[in-house]
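> coords please:
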Amino acid sequence: MGIPAISLSTNLTVSTNITATSAPTTPHKHRLHNSTLKSLSKSGKLDEALRLIESSPSKSPATAPDAEACALFLHSCISRKALEHGQRLYLQLLLYRDRSNQDLLSNPRLKSKLITLFSVCGRVDEARRVFEDGGEDVDLPESVWVAMGIGYSRNGYPKDALFLYHEMVCRFGQLDNFAFSMALKACSDLGDLWTGRAVHAQVVKATEDPDQVVNNALVRLYSEDGCFEEAIRVFDEMPQRNVVSWNSLIGGLVKKDGVFEAMEAFRIMQGKGMGFSWVTHTTILPVCARVTALVSGKEIHAVMVKSTAKPDAPVLNSLMDMYAKCGAMDYCRRVFDGMQSKDLSSWNTLITGYAINGLMMEAMESFQEMICSGFSPDGITFIALLSGCSHAGLTDEGCRLFERMKMSMRSLQQ
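Numbers count the residues shown, from 1 in each chain. Have a look, this model is predicted:
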């Protein structure tokens, strides 16, 4: 539309042929909207990203975020366990579907991300609701089924994970490594060796070679069920082994009281320069304690000291327990004093160590320190002290502790 000439007071007439143009097109706005949403999601600014999503008119498909932008947002939610943000996005997606017939929830990638977020946050029912959305007629890809199966397994429902795996076999026939690893973990959690062998047979028949995750799951399954020959056979046939592979083998041996075999496997692992994880140490340190392998325990301690990563409380508690059971209470106390954050288990380990080594004066002093530090004793604390008093012949101290224990139990019941 042309704008008429403008007459100025100077009697000069300026002719202007300015043509008014429309606002930027909706596709451009849409691209800009999604680009901003992706940028905010990648940088972890979930509040700002969510405001942008919720400000989009739910009746306008043109302004709705696309599947890729929503997937990036959900990925950021999963890494931060931001349940509320994911729930609010889910609500927006439902609104888009109801008001504009734009069904982003049928997108397999988004569906998998939502299921993963809800299961990571312990909301299995919500994950199942997303999975079942659309009814049985919806042809979901295998990846969505696997996400739901992993959600079941992660939250302590291995039977449901196996039922889902059975449905997947009936529906898809040939499955991939993600499905195999999910099913094998469920079998290990249930101790279901028979079903685990059946899954292993499907792994062997599959056109795709098993990856490291599947092989690790097989090693764990067989070793924890006492089938050491099969566990070692799978382990030996692995084209590559990582720390998890060795941890699976060692953990299975420890669980079935193969302590000397576990120690030998640990030494071979270290000899191959595999490194370690904190899981390795929390697994092998109790073995050192059981066989009083103080030298091996000190070697592990030396590796921990040299590491740039800082061990957490469970690892240091295992180290203290090893020193205590090997009779090296001075080392045990040194580890305890060097801990930046102590929990009740740390105090119980120290007190139990003093008690089993006949150092009841130190045990009682540590008990008083624990009380002054704001920790309340539990059953483990009292059992350690009462047992120590019994062995040391400290009848009066034992009676006083018993009365204190009864008072503590009454206060808990009230």
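> run the chain-centre distance for stretch 254-266.
Averaging C-alpha positions (C-alpha atoms, centre = their mean, to the nearest Å) puts stretch 254-266 26 Å from its chain's average.
> now that stretch - C-alpha only, PDB.
Extracted C-alpha coordinates of stretch 254-266, given in PDB (Å, rounded to 0.1, in the frame of the first residue of the first chain):
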ATOM      1  CA  VAL A 254      32.800 -62.600  45.300                       C
ATOM      2  CA  LYS A 255      29.100 -63.200  45.500                       C
ATOM      3  CA  LYS A 256      29.700 -66.900  45.300                       C
ATOM      4  CA  ASP A 257      32.500 -66.900  47.800                       C
ATOM      5  CA  GLY A 258      35.200 -67.300  45.200                       C
ATOM      6  CA  VAL A 259      37.400 -64.900  47.100                       C
ATOM      7  CA  PHE A 260      40.800 -66.300  46.000                       C
ATOM      8  CA  GLU A 261      39.600 -66.400  42.400                       C
ATOM      9  CA  ALA A 262      38.400 -62.900  42.700                       C
ATOM     10  CA  MET A 263      41.800 -61.700  44.000                       C
ATOM     11  CA  GLU A 264      43.500 -63.500  41.100                       C
ATOM     12  CA  ALA A 265      41.200 -61.900  38.600                       C
ATOM     13  CA  PHE A 266      41.900 -58.500  40.200                       C
END
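> other residues contacting that stretch?
Stretch 254-266 has contacts (C-beta atoms under 8 Å, 6 or more residues apart in numbering) with 223-224, 226, 228, 246, 249-250, 253, 280, 283-284, 286-288, 290-291, 293, 296. All C-beta spots, glycine's among them, are computed from the backbone N, C-alpha and C.
> flag the shaky bits of the stretch 1-150 of the chain, pLDDT-wise.
The model of the stretch 1-150 of the chain has pLDDT under 70 over residues 1-32, 57-63, 101, 135-137.
> coming back round to it: list buried residues within the contacts of stretch 254-266.
The neighbour count (16 or more other C-beta atoms under 10 Å) marks 223-224, 226, 228, 246, 249-250, 253, 280, 283-284, 286-288, 290-291, 293, 296 as buried among those.
> could you pull out the strands for this protein?
Secondary structure of the chain, counting by DSSP state E: strands at 6-7, 13-14.
> could you check how far Q368 is from W347?
For Q368, the distance to W347 (C-beta to C-beta, to the nearest Å) stands at 11 Å.
> which one's more surrounded, those two?
Taking neighbours as other C-beta atoms under 10 Å, Q368 and W347 compare with W347 leading, 23 against 9.
> that one against A384, yeah?
No. Taking C-beta atoms under 8 Å as the definition, W347 is not a contact partner of A384, at 10.2 Å.
> check contacts around the nearest residue to K325 once chain neighbours are set aside.
Spatial nearest neighbour of K325, excluding adjacent residues (C-beta to C-beta, 6 or more residues apart in numbering): A289 at 4.0 Å. Residues near A289 by C-beta under 8 Å, 6+ apart: G297, D321, M322, A324, K325, C326.
> which two in the residues you listed are spaced the farthest apart?
G297 and A324 (10.7 Å; C-beta to C-beta).
> okay, the residue nearest to K325: pLDDT?
pLDDT for A289: 91.
> what about it, distance to I300?
Taking C-beta to C-beta, one finds A289 at 11 Å from I300.
> how near is the residue nearest in space to the middle of the chain to N155?
Centroid-nearest residue in the chain: V120, 7.7 Å away (criterion: C-alpha atoms, centre = their mean). Remark: distance between V120 and N155 (C-beta to C-beta) = 9 Å.
> got it, and L89?
Counting by C-beta to C-beta, the gap from L89 to N155 is 21 Å.
> P311 now?
Distance from P311 to N155, by C-beta to C-beta: 28 Å.
> kindly report the same for A69.
Between A69 and N155 the computed distance is 28 Å (C-beta to C-beta).
> neighbour-wise, which of the two wins?
Neighbours per residue, other C-beta under 10 Å: of A69 and N155, the larger number sits with A69, 22 against 18.
> touching, that one and S41? I think so.
Yes. Under the contact definition of C-beta under 8 Å, A69 touches S41, with a separation of 7.2 Å.
> let me see the ranges of the helices in the stretch 301-414 of the chain.
Counting by DSSP state H, counting those that start in this stretch, the stretch 301-414 of the chain has helices at residues 313-325, 329-338, 344-356, 360-372, 379-392, 395-413.
> and those: which comes nearest R128?
Between the helices of the stretch 301-414 of the chain, helix 313-325 lies closest to R128; by C-beta to C-beta that is 32.1 Å.
> what helices and strands are in contact with the closest one?
helix 278-290, helix 294-306, helix 329-338, helix 344-356 (3 or more C-beta pairs under 8 Å, 6 or more residues apart in numbering; DSSP states H and E).
> save the ones you listed as CSV, and put in distance to M407 too.
CSV is the format used below for the helices and strands packed on helix 313-325 (distance: least, C-beta to C-beta, whole Å):
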stretch, distance to M407
helix 278-290, 33
helix 294-306, 38
helix 329-338, 27
helix 344-356, 18
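> what sits closest to V279 if chain neighbours are left out?
Residue nearest to V279 in three dimensions, not counting chain neighbours: N247, with 5.2 Å by C-beta to C-beta, 6+ apart.
> neighbours of the one you found, how many?
24.
> next one, pLDDT for it please.
91.
> what about A324, how many neighbours?
Neighbour tally, A324, other C-beta under 10 Å: 25.
> ok, now which ones touch it?
Per C-beta under 8 Å, 6+ apart, neighbours of A324: A289, C332, T349, L350, T352, G353, Y354, I356, N357.
> closest to S56 among those residues?
T349 (54.7 Å).
> okay but the closest one is in contact with P314, surely?
No. Using C-beta under 8 Å as the test, T349 is too far from P314 to be in contact (10.6 Å).
> tell me which of the two has more neighbours.
Set side by side, T349 and P314 show unequal neighbour counts under other C-beta under 10 Å, the larger going to T349 at 27 against 15.
> what distance do you get for the more buried one to R333?
On the measure of C-beta to C-beta, T349 and R333 end up 11 Å apart.
> now do A201
Going from A201 to R333 by C-beta to C-beta gives 53 Å.
> neighbour-wise, which of the two wins?
Neighbour comparison, A201 and R333: the larger count goes to R333, with 18 against 10 (by other C-beta under 10 Å).
> that concludes my questions; thank you for your assistance.
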